[in-house]
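A.B. asks: Quick one, structure for this:
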Amino acid sequence: MIRSGRTIEKPYNAQDAQNNYNFKRGLSKGEYKLRKHSKMAKFIEDKIKIDKWSPDVIVGYMKTHNYFDLNGYCPITVPTIYNAIRHGIINVKIEDTRRMKYDSKYNYHEKTQVSITKIPYSIETRPEEVNKRLVFGHFELDTVIGTRRGKHECLLTLTERKTRFEMIFKISAKTSEEVVNKFNQIKLFMNKNYNKIFKSITTDNGSEFSNFLGIIENSKTKIYFCHPYCSGEKGTNEKQNSMIRYFIPKKTLIENYSCEEINNIANWMNNYPRKILNYKTPLEALLEEFDDKNIINKIYKLQEKVNCI
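C.D. replies: The predicted model follows:
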């Protein structure tokens, strides 16, 4: 005899007990939040499929920007979004979520001293103001290549340590001459504002930075070099470069991407909320650094104006 899912007048049976539990558990479940809040579901769908945001960033951004106070929204967690994806409640596939691939076979090296000519510019001499990200204007520098075979275009990437604001420039080859030329173009465009923006640059020991004195020539900018084989000492830039790889996979020629596409990648990165910034975007963090709108406009327009000169 069965009443309300419970079996009575029958000896205990483990399978019957499990069925009874499953029946009651099914009755106890409430309706999925994203079924009740279609406006929020559409917002999440667009952020994942169009803007390429991760579920963690979406939830953090909505929370810190008071989206939960809006009509049609309610507080949710990251697992809520993943469950909605798995159960087909929102029109998103798990493959649509932004997932970065990391190489677990990284070989760690002991710190060794930089070359004699670079000792005065070693990262060991870098002030605590820079190490602790206390002020704006301290950048990390690197290049991103398409392939190691032959002479090809590559990307020159600059990441501001405090705000994570990113600048990406195309250069015709991975050479010290091209790097210096690009910095000369940046200096020309920024004019008197260059020293206010570029207070220091931290980079690695790549051959493209061998003419480092040319990079800082005619400026007050300081330059610091990581220890050899310790690129993690400029980890912010390395992380940003991995985000670029989401759009430009390894072994893909940089020549295949237009200046407009490179600018769009940088624009996406600067409008992507960061957990470490309390889910503010790098652009929002940049806007908090300056009261002078002319300087902000110069920084914002720098890549677009200088990228493909």
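A.B. asks: And the strands in the chain?
C.D. replies: For the chain, the strands defined by DSSP state E occupy 2-3, 6-7, 138-145, 154-160, 166-171, 200-203, 222-225.
A.B. asks: Looking at those strands, spot the one closest to Ser54.
C.D. replies: strand 166-171 (17.3 Å; Cβ to Cβ). No exception for glycine: its C-beta is placed from N, CA and C like everyone else's.
A.B. asks: What pairs with that closest one, parallel or antiparallel?
C.D. replies: Note on strand 166-171: by DSSP bridges, its sheet partners are strand 154-160 (antiparallel).
A.B. asks: Quick check: mean pLDDT of the partner strand?
C.D. replies: Mean pLDDT, computed over strand 154-160, is 97.
A.B. asks: Contacts for it, please.
C.D. replies: With Cβ atoms under 8 Å, 6 or more residues apart in numbering as the test, strand 154-160 has contacts from 136-146, 165-171, 173-174, 179, 182, 201, 236-237, 240-241, 244, 248, 254, 262, 282, 286.
A.B. asks: what about burial for those residues, which qualify?
C.D. replies: The neighbour count (16 or more other Cβ atoms under 10 Å) marks 136-144, 146, 165-171, 174, 179, 182, 201, 236-237, 240-241, 244, 248, 254, 262, 282, 286 as buried among the contacts of strand 154-160.
A.B. asks: Could you tell me how far Tyr21 is located from Glu31?
C.D. replies: Distance of Tyr21 to Glu31, computed by Cβ to Cβ, to the nearest Å: 21 Å.
A.B. asks: neighbour-wise, which of those two wins?
C.D. replies: In terms of neighbours (other Cβ atoms under 10 Å), Tyr21 is the more surrounded of Tyr21 and Glu31; the figures are 11 against 7.
A.B. asks: In terms of pLDDT, where does the closest residue to Ala173 other than its chain neighbours sit?
C.D. replies: Excluding its sequence neighbours, the residue lying closest to Ala173 (Cβ to Cβ, 6 or more residues apart in numbering) is Lys151, at 5.3 Å. We note a pLDDT of 84 for Lys151 in this prediction.
A.B. asks: Please report the number of neighbouring residues for Lys151.
C.D. replies: With other Cβ under 10 Å as criterion, Lys151 counts 9.
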